[in-house]
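Enquirer: Sequence first, predicted coordinates after that:
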2 protein chains.
Amino acid sequence: MYHLDPNLKIPLHIQLYKAIKREIISQHRVGDKLPSIRKTATLYHLSKTTVEAAYAQLYAEGYIESRARSGYYVSELYFDAFEPEETSGATPAKITEPVRYDFFPAQLHTEDFPLKTWKRLCTRETNASLDFGAYPDGQGEEILREEIARYLSHSRGVRCHADQVIVTHGFIDGMELIAKLGRERYQRFGHELPGYHIAHKIFGAYGYRTTPIEVGRHGLRLEKLRHSKAQVVYITPSHQYPTGVTMPITKRLKLLAHIQSIDGLIIEDDYDSELAYYNRPIPSLQGLDTTGEHVAYVGTFAKALSPAIRVGYLVLPEWMMAIYRKSYDAHFARVSLITQRTLAAFMHEGHWDRHIRRTRILNQKKHQAMREALIRHLGDTFRIVTEGAGLAILIQPRASEFDWQRLKQVADEKRIAIYLAKERSGGEFEAARMGFGGFRLEEIDTAVAAFAECWMKIKD
Amino acid sequence: MYHLDPNLKIPLHIQLYKAIKREIISQHRVGDKLPSIRKTATLYHLSKTTVEAAYAQLYAEGYIESRARSGYYVSELYFDAFEPEETSGATPAKITEPVRYDFFPAQLHTEDFPLKTWKRLCTRETNASLDFGAYPDGQGEEILREEIARYLSHSRGVRCHADQVIVTHGFIDGMELIAKLGRERYQRFGHELPGYHIAHKIFGAYGYRTTPIEVGRHGLRLEKLRHSKAQVVYITPSHQYPTGVTMPITKRLKLLAHIQSIDGLIIEDDYDSELAYYNRPIPSLQGLDTTGEHVAYVGTFAKALSPAIRVGYLVLPEWMMAIYRKSYDAHFARVSLITQRTLAAFMHEGHWDRHIRRTRILNQKKHQAMREALIRHLGDTFRIVTEGAGLAILIQPRASEFDWQRLKQVADEKRIAIYLAKERSGGEFEAARMGFGGFRLEEIDTAVAAFAECWMKIKD
DNA sequence: GGGTATTTGTCCGTATGTATG
DNA sequence: TCATACATACGGACAAATACC
């Protein structure tokens, strides 16, 4: 139930959009179905088109997804997402058979979440907060911001102070904030192609002109960037999504020099650096930017901890922080206080560092297991395109002809979820991304065996 | 076979609706099945939605009934009204002649009750309950409480859980319960003036000191409330009785702040929110009260469904529920189990939502019909004071002098029941409340014509 | 008479036309 | 010309009722 006022200057569909957005952010019930366009329209005496406009806005910004002829559903914000649902009690059996093996390349097995510790800290903080009547800090609780700043500076080479950190309700919330704060200064937004599509949708929704910029073997093509005249550029330099390439240090410096020369802004999305088990992490662009004015750093806890936690953070240059402080309600918390306090305690007591380390080792093992399983079950019919890039191994068949669509179809029938990757934009499917993050270590071999059955069938 | 012309100005679904209506009226073959939506659609080369809209229109006006997944059937109820009543046995002729036209401003025509559906569910639940020997729940059957909680939270913005809902035997029962539960904590009761007089009588009977509080153009006068020192205040914020004013959101927040500051209690009577066809609903006070401790919400099924059902409900703050649980027999049911189960099923299967929607559309149409009839029969001798407020249009004569008492008297002689409204408290009668809820749609014009005869006589 | 194919109301999102500033 | 909002019209997905075998 929202409050809408037709006498206000603000258009009705915007009012509705804002109200729903607020609700989604505050009670993030991922996967929930929104009331249908008609229901909402009759309830508030609006036309369907008005409601549709509000939903379309939410959709454009990635808050909700549309399932044709079924309804709108709250998005699993950010591509991290995935928790095999928490079946509470008597959930009715799903109509669609659940997948047996899911090779989703960017998920973590839920068992890997240190649930017990988290629960313990959570109840402790809940009790401690009861007699604590202080105002929340809209930027995020200070203790948490300090923990984040400390972590980032020692393990990611980000130069920052707690004052520059804003705790957000995840990726989208953070990107919107950047879009808003930057729109007086910038108009042209560049994004990676292929890349994570949500980013440019958000900036598009905020009135930026968006341009795709090609990704090469070492990340973003700098000459294309120059040519595009983009002032703001969104990149995933440490582990480009979805190709997995890493931008080498020399290129990072060149990129920085260019952005500094045009007084632009890099949005550095370091979405899964915590999981990197493969190589020495490269210092963040943010840390390389000695001016401290041209990089906005975006991070999240969703990947390494749990998507359910829904906490991310920004590290912004001082000039953006100045605008932020002027324009935002200092006491409107974007994230539940308890969650923030729990997280702060979790970090402060060293659980976060331990968890990261543990996850790294585990991922390394899983990677190894996947590699071995592939070799065992597929023999010499395949070759590895990339490995060590994230939670997946990219593979291709040795044979030149291969019917990818049929592979997917056969896998589907056996309720195996596989994920194909295109080489660059517009090309054909050319590789399978064999994700291992979602399996338990000892599950991997069985899963690959099942996959191999499909593979072998197609190969001939 | 109807003739439909897509080139006409009139929308196709309206053309179809009119054609079918004409046919039903001329050859009213009660119980006949209409051709299915798809049949008609293909026959006339229309989309399903267009036919659906036409049928929905007929349904809303009561010409046809829908049996889900079976078909649409011509209503009986509609024609029953014309038949001379089946006098069972020797009923003596009534002494007082019954009124021919009753403009009572807050009633619903009995035809509008979905009797068939209700009966069907009722027998089903009766049979189902036979072999079911569980204890009744004094607070109300859980399935019903859950349905109520769900309905209230999505369509009235009430924050509640089924645990906080108590099913009552109507308004008075509920108010008595509140009076009992609150009397240890509160002594001073405030009520609206003008207002619904029953409320303060009940609280008076339970030993409260009661004070009237004036109603202004936007509802209760807050300064008067403060001055009155009332701790408990009974209000009808969404559609004040009898003035019809709505308390805007800003005032609601102020009222809440005041009550919170004195640790008092608001009794929010949302008696006819379901019927609101006129404006966008405003979220309930209960939902705005973030503390969850200072509003008791009172609702009823009497208005929208039928007074005969005699079921209401309360949503109480937790502290009141705690007292309730201590003091009341957990197994003394206030309402017949069968009724509760029937109602729960009625809601669960979507009939309640459908009924509400249907009623809204119908009221909108009746309102329109009343408006047109008034203009047709009274010409420019009157003006509309308020409309869209509930089931009546308030009118005044243009002439400055007008003998209201004589109007009432003349109408009385013609057995027309009319209802006059005072402007604020203490003033003279200054408007007539032309209620349309009690008429069938097509009756309205005749009724207004009869009323116009009286009106014109006085006017001169 | 019990399982199966079809029919049917009902729900859903979507596209386009139109009045109004 | 553009944004806002509403009305009209479309056709697909689904589960229950029904008809059919």
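Expert: Noted; the coordinates are in hand.
Enquirer: For chain B, what's the nearest residue on chain A?
Expert: For chain A, the residue closest to chain B is A:Met1, as judged by CB to the nearest CB, at 2.7 Å. Quick note: C-beta positions are derived from backbone N, CA and C, even for glycine.
Enquirer: How many residues are close by that residue?
Expert: 19 (other CB atoms under 10 Å in any protein chain shown).
Enquirer: you'd agree A:Arg255 is up against A:Glu223?
Expert: If you look again at residue A:255, you'll see it is Leu, not Arg. No - using CB atoms under 8 Å, A:Leu255 is not in contact with A:Glu223; the gap is 11.5 Å.
Enquirer: More neighbours: which of these two?
Expert: The neighbour comparison of A:Leu255 against A:Glu223 (other CB under 10 Å) goes to A:Leu255, with 21 against 11.
Enquirer: List the buried residues in stretch A:167-180.
Expert: Neighbour counts over stretch A:167-180 (16 or more other CB atoms under 10 Å in any protein chain shown) mark A:167-179 as buried.
Enquirer: Stretch A:216-232 too?
Expert: A:Gly216, A:His218, A:Gly219, A:Leu220, A:Arg221, A:Leu222, A:Lys224, A:Leu225, A:Ser228, A:Ala230, A:Gln231, A:Val232.
Enquirer: Ok, stretch A:304-314 next?
Expert: In stretch A:304-314, counting by 16+ other CB under 10 Å, buried: A:Ala304, A:Leu305, A:Ser306, A:Pro307, A:Ile309, A:Arg310, A:Val311, A:Gly312, A:Tyr313, A:Leu314.
Enquirer: next one: stretch A:285-296
Expert: A:Leu285, A:Gln286, A:Gly287, A:Leu288, A:Asp289, A:His294, A:Val295, A:Ala296.
Enquirer: Which ones among the buried residues of stretch A:304-314 lie within strands?
Expert: Of the buried residues of stretch A:304-314, the ones assigned to strands by DSSP state E are A:Gly312, A:Tyr313, A:Leu314.
Enquirer: which of those residues lies closest to A:Gly140?
Expert: A:Tyr313 (7.3 Å; CB to CB).
Enquirer: How about the residues of the stretch 1-150 of chain A by DNA strand C?
Expert: Proximity of the stretch 1-150 of chain A to DNA strand C (CB under 7 Å from any atom of the strand) is limited to residues A:34-39, A:48-49, A:52, A:55, A:66-72.
Enquirer: Now the buried members of those.
Expert: With burial judged by 16+ other CB under 10 Å, the buried subset of these is A:Leu34, A:Pro35, A:Ile37, A:Lys39, A:Glu52, A:Tyr55, A:Tyr72.
Enquirer: I'd like the mean pLDDT over the helix or strand hosting A:Ile384, please.
Expert: Per DSSP states H and E: A:Ile384 is located in strand A:382-386. In this model, strand A:382-386 carries a mean pLDDT of 81.
Enquirer: Check stretch A:326-333 too.
Expert: Mean predicted lDDT for stretch A:326-333 stands at 71.
Enquirer: Next: stretch A:216-225.
Expert: Rounded mean pLDDT across stretch A:216-225 is 89.
Enquirer: Only the C-alpha atoms, please, for that stretch, written as PDB.
Expert: Provided in PDB are the C-alpha atoms of stretch A:216-225 (Å, rounded to 0.1, in the frame of the first residue of the first chain):
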ATOM      1  CA  GLY A 216      39.900  -6.900 -26.200                       C
ATOM      2  CA  ARG A 217      42.200  -9.500 -24.900                       C
ATOM      3  CA  HIS A 218      43.500  -7.300 -22.200                       C
ATOM      4  CA  GLY A 219      40.200  -5.600 -21.300                       C
ATOM      5  CA  LEU A 220      38.700  -2.400 -22.700                       C
ATOM      6  CA  ARG A 221      40.000  -1.200 -26.000                       C
ATOM      7  CA  LEU A 222      41.600   2.100 -25.200                       C
ATOM      8  CA  GLU A 223      41.400   3.500 -28.700                       C
ATOM      9  CA  LYS A 224      37.700   2.700 -28.900                       C
ATOM     10  CA  LEU A 225      37.300   4.400 -25.500                       C
END
